[in-house]
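> Take this sequence and fold it.
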Amino acid sequence: MARDPSEKCLWKVEAFRLTSVCFGAVQYLQSDFELPLESNLEKIQEKILFLYMAMGNNSTGRCGPLFPVRYLMAILGSIGLAIIYGFKVNVSVAIVAMVNHTAVRLSAMHNELKRENTNLMMTEICQDDAILNTTASSTEDGPFIWNEPLQGLILSAYFWGYMVSLLPGGRMSELLSAKWVMNGSVLLNVAASILSPVAADIHYSLFIIMRFIQGLGGGVTFPAMHVMIAKWAPPNERSVLASIVYAGTALGTVISILLSGILAANLGWIWIFYIEGALCLIWCIAWWLIIEDSPEEQMRFISEEEKNYIMESLGHTKSIGGHKEKLPVPWGQLLRSTPFLAILIAHFCSNFGWYMLLIELPTYMSQILKFNMSSNAGLSAMPFLCMWIFTMTLSKVLAIMQNKNLITVTISRKIGTLFASFVPMICLIGVSYVGCNRALAVMLMTIGVTCIGGMYCGFLSNHIDIAPNFAGTLVAITNCIATIPGFIVPIFVGKLTHGNQTLEAWRIIFFVTVGLYIIEILVYCIFGSGEEQPWNKINSSFKEVNDQTLPLKKNARK
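As a prediction, the model looks like this:
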């Protein structure tokens, strides 16, 4: 059995050596590069490598890098997903500052007066808070008179692009390079972000196109990272590494909502797109220079011990010429697989609740609970910060229980999924009836969003369990179907709340979400499985391909 090399040495780095390395790092990196750009990048990479290895080696030189490169990949992947999710949600905050809510509200009230239907509006809003915040709301109005259905269309445009690129992204990641698919995704989002303010000023249709382009980039990220995890994560570390990677979605949501709120309140909404876009270029350079597609291709920053450990744990050997045969997807068996269909249904139902909170929470905070821009950003971000902490904690607890043979992989995935569905369901029922009690509503929202983090060590890690060879394709399929709520939710909410931003309208939205959570719980708990499926190993040239599969660790319980 392969042994983790980190168990073979104690991480006791001498104080003098560590101090010397840290003290000399700045001088070492500070030098005048007069070579062409390509040579400069190679030189920078060599210097980063030297410092990384120096800080990881003790006086005997046997401990290897500072920490395992597979975790470095997971951390950088997490930051990459944080960036993508930041771009996904920043418009949810920006649109609050971009829209002239006073003009939209007056227009809606004028239409309602014509229909003599104002009684419901006045009895189903938080009237005291509306009065207290009238001045604040009027000063925060933006330049665009976009009504609720149009706002819903703008918010949903991202998910149209997201859905289009999912399946191609999955196969591109498996057959070409998951590393470059991920990098290209972020670069595409950066370019569209920087162009968004100009597009919005010209016409809302161009702004919608920019959101569609960002969705195209975002759609390939989950399949790409699933492929990276399948190649880098030993089976007994999959839950932890997957949770590190996908917890970045919560972290990115927190940072983006907070930063967007601060920028909108102090500098103006256009700076949300410029500053967030520019900052993300740093990640693109780091991912390009440091990470490769697989341990076999990773020539820098990794010890031979770690490389061998990962490859032996995955049962992976190099094929002739160093390239693996491209495996055809067994579509028939895949689409008839009950465990796969359980993941698909769970992913769809869970995403309806996830996108409803992710996209519409700032609007609910602003239009129903009447928080101003700064408070809205802080309170909307808080649940996602708690979610990030909860995800990391739950994944570690479940991994420990699996390693001690207290639970199976199947039970572990179902526990994570139950946290992500049952708790938010109860919280949404509570929010539906607390009315204008802002403190209680925020508390329930925070608890509900926090526990949604269970999905990352639940059904979202399950694709790699049942078919690691096709993890990218599987997550592309389920994510494609699960993206449908992404463009349904904003339009659905926009239609229900158009000229009707009331507690009653939002109660309907919450109860539709509760119904889908019930379906998710029943289907996944009955049919979900953590066992590798027979169709993951296919026949090639009339014999089973054993060296092309990434099986679960032999002594790991299913």
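
> chain center to the helix or strand Y85 falls within, what's the gap?
Assigned by DSSP states H and E, Y85 falls within helix 69-98. Put simply, helix 69-98 sits 7 Å off its chain's centre (Cα atoms, centre = their mean, to the nearest Å).

> show me the contacts for A199.
The contact partners of A199, by Cβ atoms under 8 Å, 6 or more residues apart in numbering, come to 206-207, 209-210. Backbone N, C-alpha and C define where each C-beta goes, glycine included.

> Assign it to helix, strand or coil.
helix (DSSP: H, G, I helix; E, B strand; the rest coil).

> circling back: from the contacts of A199, list the buried ones, please.
For those, a burial check counting by 16 or more other Cβ atoms under 10 Å picks out 207, 209-210.

> follow-up on the earlier one: now the contacts of A199 as TSV including secondary structure and pLDDT?
Listed next are the contacts of A199 as TSV, based on DSSP: H, G, I helix; E, B strand; the rest coil; pLDDT from 0 to 100:
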residue	secondary structure	pLDDT
L206	helix	94
F207	helix	93
I209	helix	94
M210	helix	94
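
> Run through the neighbouring helices and strands of the one helix or strand V475 maps to.
Element membership of V475 [criterion: DSSP H and E] is helix 471-482. Judged by 3 or more Cβ pairs under 8 Å, 6 or more residues apart in numbering; DSSP states H and E, helix 471-482 is in contact with helix 148-172, helix 221-232, helix 338-367, helix 462-466.

> any idea how far it is from the chain center?
Offset of helix 471-482 from its chain centre (Cα atoms, centre = their mean): 14 Å.

> just the strands in the protein please.
Secondary structure of the chain by DSSP state E: the strands cover 539-540, 543-544.

> Out of these, which gets the lowest mean score?
Among those, strand 543-544 carries the lowest mean pLDDT, at a mean of 46.

> Which of the helices and strands packed on helix 471-482 sits closest to S294?
helix 221-232 (4.3 Å; Cβ to Cβ).

> now that closest one: how far from the chain's centre is it?
Here helix 221-232 is found 13 Å from its chain centre; the criterion is Cα atoms, centre = their mean.

> List of residues touching that helix?
Contacts to helix 221-232, defined as Cβ under 8 Å, 6+ apart, come from residues 70, 73-74, 77, 80-81, 84, 166, 169-170, 173-174, 178-179, 181-182, 185, 238, 241-242, 245-246, 293-295, 310, 314, 463-464, 468-469, 471-476, 479, 550.

> Give me the below-cutoff pLDDT ranges for the stretch 201-350 of the chain.
Where the stretch 201-350 of the chain drops to pLDDT under 70, the residues are 316-326.

> how about 80 then?
236, 239, 250, 300, 315-327 (pLDDT under 80).

> quick one, helices of it?
204-219, 221-232, 238-246, 248-266, 270-279, 281-290, 304-313, 331-335, 338-367 (DSSP state H, counting those that start in this stretch).

> can you tell me which residues contact the residue most central in space within the chain?
Here the mean C-alpha position of the chain is nearest to the C-alpha of T249 (Cα atoms, centre = their mean), at a distance of 3.0 Å. For T249, the contacting residues are 81-82, 84-85, 456, by Cβ under 8 Å, 6+ apart.

> Quick check: T446 vs W388, distance?
13 Å (Cβ to Cβ, to the nearest Å).

> and what of Q298?
Distance, Q298 to W388, by Cβ to Cβ: 27 Å.

> Find the residue closest to I83 in space, skipping its chain neighbours.
Once flanking residues are discounted, I83 sits nearest to C280: 4.8 Å by Cβ to Cβ, 6 or more residues apart in numbering.

> hmm, who's touching the helix holding V475?
Contacts of helix 471-482 (Cβ under 8 Å, 6+ apart): 163, 166-167, 169-171, 173-174, 178, 219, 222-224, 226-227, 229-230, 329, 334, 340, 343-344, 347-348, 350-351, 460, 463-464, 466-467.

> For PyMOL, write the select line for the buried members of the residues you listed.
Of the contacts of helix 471-482, the buried ones go into a single PyMOL selection, burial set by 16+ other Cβ under 10 Å:
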select buried, resi 163+166+167+169+170+171+173+174+178+219+222+223+224+226+227+229+230+329+334+340+343+344+347+348+350+351+460+463+464+466+467
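
> wouldn't I145 be in contact with V99 here?
Yes - here I145 reaches V99: they are 7.5 Å apart, a contact under Cβ atoms under 8 Å.

> more neighbours, those two?
Counted by other Cβ atoms under 10 Å, I145 and V99 do not tie: V99 has more neighbours, with 23 against 15.

> is that one in a bridge, and if so with what?
F144 (DSSP bridges).

> Q298 and W388: which has the busier surroundings?
For Q298 versus W388, the count of surrounding residues by other Cβ under 10 Å is larger for W388: 24 against 20.

> which residues does the more buried one contact?
247, 250-251, 254, 453.

> export the residues you listed to JSON lines and tack on neighbour count and distance to V512?
As requested, the contacts of W388 are exported to JSON lines (neighbours: other Cβ atoms under 10 Å; distance: Cβ to Cβ, whole Å):
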{"residue": "A247", "neighbour count": "24", "distance to V512": "28"}
{"residue": "A250", "neighbour count": "29", "distance to V512": "24"}
{"residue": "L251", "neighbour count": "22", "distance to V512": "28"}
{"residue": "V254", "neighbour count": "23", "distance to V512": "26"}
{"residue": "G453", "neighbour count": "29", "distance to V512": "22"}
